[in-house]
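1. Below are the sequence and a predicted model; questions follow.
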Amino acid sequence: AGEGSAAVPGDGAGPPAPERVLFPPTFSVSEIKNKQRRHFMFLRWKQQQRKEKLALKKKRRKEREALGDKAPPKPIPKTIENQRVYDETTVDPNDEEVAFDEATDEFAPYFNRQTVPKILITTSDRPRGRTVRFCEQLATVIPNSHVYYRRGLALKRIIPQCIARDFTDLIVINEDRKIPNGLVLSHLPDGPTAHFRMSSVRLRKEIKRKGKEPTEHVPEVILNNFTTRLGHSIGRMFAALFPHNPQFIGRQVATFHNQRDYIFFRFHRYIFKSEKKVGIQELGPRFTLKLRSLQKGTFDSKFGEYEWIHKRREMDTSRRKFHL
Amino acid sequence: SPQVVWSMLGNRQFCSYKMTTKTQNFCRNEYNLTGLCNRSSCPLANSQYATVREEKGRCYLYMKTIERAAFPRRLWERVLLSKNYEKALEEIDENLIYWPRFIRHKCKQRFTKITQYLIRIRKLTLKRQRKLVPLRRKIERRENRREEKALIAAQLDNAIEKELLERLKQDTYGDIYNFPIHAFDKALQQQDAESESDSDAEREEDDDDDEDVDKREFVEAEDSELSDFEDMDKLETSSEEEQEEEEEVEKKASHSKWKGKMPLKGPARRKRPYIEIEYEQETEPSTKTKAA
């Protein structure tokens, strides 16, 4: 084997050496000074590795077949969701404390059907075309919502006015360089305020294979994967945007899907083709949100009491730790 | 002497304060009164010169005279102007008395402009300032990548479909959808309490009763189309064994009646029931039974 490898450097870029040539264990490809030869040797080393891997796979498969029924079950591949660091604030469905909290928090009047959601959508100063169109489309998606443009008005001053006019929620879409990039969602009679970073916004015309416009029917709401306490409260915030009685005739559904701390919003129309099959067709805008901060009162950047802020240094350290 | 200076710097040789553009020459000297490079506005080429400059919101009048030309440190004399606009104009006048008209006029003009922009600054700071937060490239890239990966991991369509089917199973939609086998199952579940063996038997019966169910379904669908007009409003999707003709008729009816509600699906979706072989097979026995 040593002779084989000693003979090869003389080939350089010559024809590939025969298969029986092995690399001696103390030999490292990176020690060859000549780049061409080094590259050549590296390729051969790689080929050999691949061959070994293939042989190993074949062997394993044969063993598996030979065992037949007695073969041990296939190991489950590890995913980030599998390996997620267990969060101690995960909500247990039967938790009484959580149920009690939810019965008495700011969304209780909504969930007890005492209030009907009425939403004000606005933007930061001087919105550009994309943001304007996005606001309009969002207004068609969320029932009972109104778009007002902010002509230099301060948020702190419009909030009391909104409360006076019976609005329950306020959405502010922040814009930068002509694209919307932030969302502030505030529940009005001094409810929590959530600040999100918005990304990959797609307007209706940019969605492929979309259907017709969303109709006036009240859509259903799907909230997926909001597991921790924080996630739960954010989920309730989103649920409080939509009226309680979805009109199933409209067959529209708005989805907020949380995956690894990113909340994906989609708006679909569904049709049940059979009992086990449903077809969905995307209409309406889509965007993704990432929570940046949750504040207890209404919007107040200086003196507000923050319930949760995303601190990059502390919270982004582990790849398998998520907060929502 | 100033003439020599001007003939050198202004016209022929290099002046480091001079900035030339296509139409005009500008002077970058901080003591320049007008900002243009002219014989009368060059602070280097005039031995008697004055400017108005502002520092931290206060305006000062700077003056340069021939007597102090030898002392660069004491060259520019500074006078603080009052905050009151008219008083400051008077102060300029009395300080620049007997000075050339051009300089006096331009000083007052410059002072006016400065006060105007100071007022605007003060007004703007009272309004909301836009806070610029710098993006960190590495973090942006990381977050974008993670978002893509999360999107792939989410498998949104599957999740939504699963959730909708779950809701259908749990009967949140009530009576809107008539899936007969589903109803059959539910009826049986209501009759039998928990036994799984019974449900196995039910499933076998289901397979046997398929054709009967077909027959039933065919008849019911006809009835619903002809008789109940109010049911047309509810989008009663017919059973899983939809016949092609019925589907066509329904779609035509729907197109004429509800233009907005029944979604115009793309060609891909409309083709599906036609492509699937299952449908064709299932229609055959029913037509056979019908003929029989």
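-> Perfect, thanks for sending it.
2. Tell me how chain B divides into domains.
-> As recorded under the TED database, the domains making up chain B are B:2-126, B:143-193.
3. Between the ones you listed, which one is closest to chain A.
-> Proximity to chain A, assessed across these by Cβ to the nearest Cβ, is greatest for domain B:143-193 (4.0 Å). In this view, the C-beta of every residue, glycine as well, is placed from N, C-alpha and C.
4. wait, does the closest one make contact with chain A?
-> Yes. Using Cβ under 8 Å from any Cβ of the partner chain, domain B:143-193 reaches chain A at B:143-144, B:146-147, B:149-151, B:153-154, B:156-157, B:159-161, B:163-165, B:167-168, B:173-174, B:176-177, B:179, B:181-182.
5. Quick one: name the residues of the stretch 101-250 of chain A near chain B.
-> Taking Cβ under 8 Å from any Cβ as the contact definition, the stretch 101-250 of chain A meets chain B at A:125, A:152, A:154, A:197, A:199-200, A:209, A:211-212, A:215, A:220, A:222, A:224, A:248-250.
6. where along chain B do the helices fall?
-> Per DSSP state H, chain B carries helices over the ranges B:2-5, B:85-95, B:101-126, B:137-154, B:156-169, B:180-191, B:196-226, B:244-257, B:267-275, B:277-291.
7. Restricting the selection to alpha carbons, write the fourth one to PDB.
-> What it means is helix B:137-154. The C-alpha coordinates for helix B:137-154 follow below in PDB (Å, rounded to 0.1, in the frame of the first residue of the first chain):
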ATOM      1  CA  ARG B 137     -25.600  42.700   8.200                       C
ATOM      2  CA  LYS B 138     -24.700  39.500   9.800                       C
ATOM      3  CA  ILE B 139     -27.700  39.500  11.900                       C
ATOM      4  CA  GLU B 140     -30.000  40.300   9.000                       C
ATOM      5  CA  ARG B 141     -28.500  37.500   7.000                       C
ATOM      6  CA  ARG B 142     -28.800  35.100   9.800                       C
ATOM      7  CA  GLU B 143     -32.400  36.000  10.400                       C
ATOM      8  CA  ASN B 144     -33.300  35.700   6.700                       C
ATOM      9  CA  ARG B 145     -31.700  32.300   6.500                       C
ATOM     10  CA  ARG B 146     -33.500  31.100   9.600                       C
ATOM     11  CA  GLU B 147     -36.800  32.300   8.300                       C
ATOM     12  CA  GLU B 148     -36.300  30.400   5.100                       C
ATOM     13  CA  LYS B 149     -35.500  27.300   7.000                       C
ATOM     14  CA  ALA B 150     -38.400  27.800   9.300                       C
ATOM     15  CA  LEU B 151     -40.700  28.200   6.300                       C
ATOM     16  CA  ILE B 152     -39.500  24.900   4.900                       C
ATOM     17  CA  ALA B 153     -39.900  23.200   8.200                       C
ATOM     18  CA  ALA B 154     -43.400  24.600   8.700                       C
END
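8. Let me see the residues that make contact with it.
-> Residues from elsewhere that reach helix B:137-154 (Cβ atoms under 8 Å, 6 or more residues apart in numbering or on different chains): A:79-81, A:197, A:199-200, A:257, A:259-262, A:264, A:288, A:290, A:312.
9. Can you flag the buried ones in those?
-> Buried members of these, scored by 16 or more other Cβ atoms under 10 Å in any protein chain shown, are A:197, A:199, A:257, A:259, A:260, A:261, A:262, A:264, A:288, A:290.
10. picking that back up, filter the residues of domain B:143-193 next to chain A down to the buried ones, PyMOL style.
-> A single PyMOL command selects the buried members of the residues of domain B:143-193 next to chain A (16+ other Cβ under 10 Å):
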select buried, chain B and resi 143+146+147+150+151+154+156+159+160+161+163+164+165+167+168+173+177+179+181+182
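11. Just list the residues touching the residue lying closest to residue B:31 once chain neighbours are set aside, thanks.
-> Spatial nearest neighbour of residue B:31, excluding adjacent residues (Cβ to Cβ, 6 or more residues apart in numbering or on different chains): residue B:43 at 4.4 Å. Neighbour list for residue B:43: B:29, B:31, B:32, B:33, B:49, B:51, B:64 [criterion: Cβ under 8 Å, 6+ apart].
12. quick one: which of the residues you listed is most hemmed in?
-> Ranked by the number of neighbours (other Cβ atoms under 10 Å in any protein chain shown), those place residue B:33 first, at 26 neighbours.
13. Relative to residue B:88, how far out is that residue?
-> Here the criterion is Cβ to Cβ, to the nearest Å. By it, residue B:33 lies 16 Å from residue B:88.
14. OK, contacts around the nearest residue to residue B:27 once chain neighbours are set aside?
-> The shortest distance from residue B:27 to any non-neighbouring residue, by Cβ to Cβ, 6+ apart, is to residue B:37 (4.3 Å). By Cβ under 8 Å, 6+ apart, the residues touching residue B:37 are B:10, B:15, B:17, B:18, B:19, B:25, B:26, B:27.
15. Now list the buried members of those.
-> Neighbour counting with 16+ other Cβ under 10 Å marks B:10, B:15, B:17, B:27 as buried within the contacts of residue B:37.
16. Now the two most distant members of the residues you listed.
-> Farthest apart among the buried ones among the contacts of residue B:37 by Cβ to Cβ are B:10 and B:17. That separation is 10.5 Å.
17. Okay, buried residues for the longest strand along chain A please.
-> Criterion DSSP state E: the longest strand present in chain A is strand A:278-295. Neighbour counts over strand A:278-295 (16+ other Cβ under 10 Å) mark A:278-291, A:293-295 as buried.
18. Can you narrow these down to the ones near chain B?
-> Applying Cβ under 8 Å from any Cβ, the subset of the buried residues of strand A:278-295 adjacent to chain B comprises A:278, A:279, A:280, A:281, A:288, A:290.
19. isn't the third one right up against residue B:162?
-> No. Distance between residue A:280 and residue B:162: 11.1 Å, which falls outside the contact criterion (Cβ atoms under 8 Å).
20. Verify the stated contact: residue B:118 with residue B:58.
-> No. With contact defined as Cβ under 8 Å, residue B:118 does not reach residue B:58; the gap is 9.4 Å.
21. who touches residue A:305 in this structure?
-> Contact partners of residue A:305, counting by Cβ under 8 Å, 6+ apart, are A:295, A:296, A:297.
22. can you pull the contacts of the second one?
-> What that stands for is residue A:296. Applying Cβ under 8 Å, 6+ apart, the residues near residue A:296 are A:192, A:193, A:304, A:305, A:306, A:307.
23. Now the last one, what are its backbone angles?
-> According to degrees, to the nearest 10, the main-chain angles of residue A:307 amount to phi -90, psi -30.
24. all strands of chain A, in order?
-> With DSSP E as the criterion, chain A has strands spanning A:119-123, A:145-147, A:169-176, A:179-187, A:193-202, A:220-224, A:252-259, A:262-272, A:278-295, A:306-309.
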